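Undergrad: Build me a model from this:
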Amino acid sequence: MSAEPEKLFSSYQIFDTPLRGHGNMKLKEIATFGLSLLLLGGVGPMVVSPVAVRAESLASNAKQASTVLESGTFVTSEGQSDPTTGSATIIEMNGSQFVQLSGDFSTATGPDVEVILYEHADVPVSIEGTGAYVSLGQLTEFEGQQLYAIPEGVDIAQFDSIGIWCEQFDVTFGYASL
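TA: Model (predicted):
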């Protein structure tokens with residue numbers, strides 16, 4: 001290019017130059033696309049869990065009528081050094097049922113931690129192979145208010161507690177008897 005650098009940038013000629021190996025795509029188009037991705041929240045697919053709803057959404061849902069079906073206070077499972085605190089409530093809202101963890105909910109961190117419904121009031125430390133639970137999905141946060149959909153067809157009368165369970169190590173962090 002024979003243009004002086006000042007003139008090159010002031011007239012944006014560089015942005016109209018086709019990039020080698022990229023067909024007709026020009027630097028201007030790539031820059032615009034990149035800026036759009038940056039402004040829209042980054043590169044990569046946006047993943048939204050179908051079973052968990054963040055606390056920001058709970059504020060709008062709180063305006064909707066909901067009925068409390070059952071609730072309980074979390075206790076820490078035997079042998080756990082980090083406490084599980086707060087409460088869990090089963091609510092019905094717009095014809096669907098949810099488990100709601102309270103704003104003061106807190107538990108230990110770990111991999112593959114799930115929210116479960118368990119058939120008995122006391123959840124043992126190890127539950128794998130018992131077949132006595134239904135997973136509501138991965139725990140989205142280790143503290144704070146959260147909402148998890150109970151799948152259609154699940155009869156909550158068959159379950160007496162809500163547990164926080166690490167699938168990878170088959171360890172229950174805590175549970176709330178209903």
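Undergrad: Please report the distance of residue 146 from residue 83.
TA: The gap separating residue 146 from residue 83 is 17 Å, by CB to CB, to the nearest Å. Heads up, the C-betas are built off the backbone N, CA and C, glycines and all.
Undergrad: Flag every buried residue along stretch 161-178.
TA: Across stretch 161-178, burial judged by 16 or more other CB atoms under 10 Å covers 161-167, 171-178.
Undergrad: returning to that earlier point: compare residue 146 and residue 83 (neighbour count), which wins?
TA: Shown here are residue 146 and residue 83; by other CB atoms under 10 Å, residue 146 has more neighbours (24 against 15).
Undergrad: where does the chain have low pLDDT?
TA: 1-64 (pLDDT under 70).
Undergrad: Now do the strands in it.
TA: 52-53, 66-76, 87-93, 96-101, 113-118, 133-138, 146-149, 161-166, 171-177 (DSSP state E).
Undergrad: For the last one, which strands pair with it and how are they oriented?
TA: Listed by DSSP bridges, the sheet partners of strand 171-177 and their directions read strand 66-76 (antiparallel), strand 161-166 (antiparallel).
Undergrad: neighbours around residue 155, how many?
TA: Using other CB under 10 Å, residue 155 is surrounded by 9 other residues.
Undergrad: Please apply the same query to the one 5 residues further on.
TA: Residues near residue 160, counting by other CB under 10 Å, number 18.
Undergrad: ok, the buried residues of stretch 161-178 vs residue 110, which is closest?
TA: Nearest to residue 110 among those is residue 166, at 4.5 Å by CB to CB.
Undergrad: out of everything not next to it in sequence, what's closest to the closest one?
TA: residue 110 (4.5 Å; CB to CB, 6 or more residues apart in numbering).
Undergrad: Would you quantify the distance from the one you found to residue 84?
TA: Applying CB to CB, the value for residue 110 to residue 84 is 11 Å.
Undergrad: residues shared between the contacts of these two?
TA: residue 173 (CB atoms under 8 Å, 6 or more residues apart in numbering).
Undergrad: If you count surrounding residues, which of these two has more?
TA: Remark: of residue 110 and residue 84, residue 84 carries more neighbours, 21 against 17, as counted by other CB under 10 Å.
Undergrad: show me what contacts the more buried one?
TA: 74-77, 106-108, 164, 173-175.
Undergrad: give the contact list for residue 70.
TA: Counting by CB under 8 Å, 6+ apart, residue 70 has contacts 89-90, 156, 178.
Undergrad: ok, which pair from those is furthest apart?
TA: 89 and 156 (11.6 Å).
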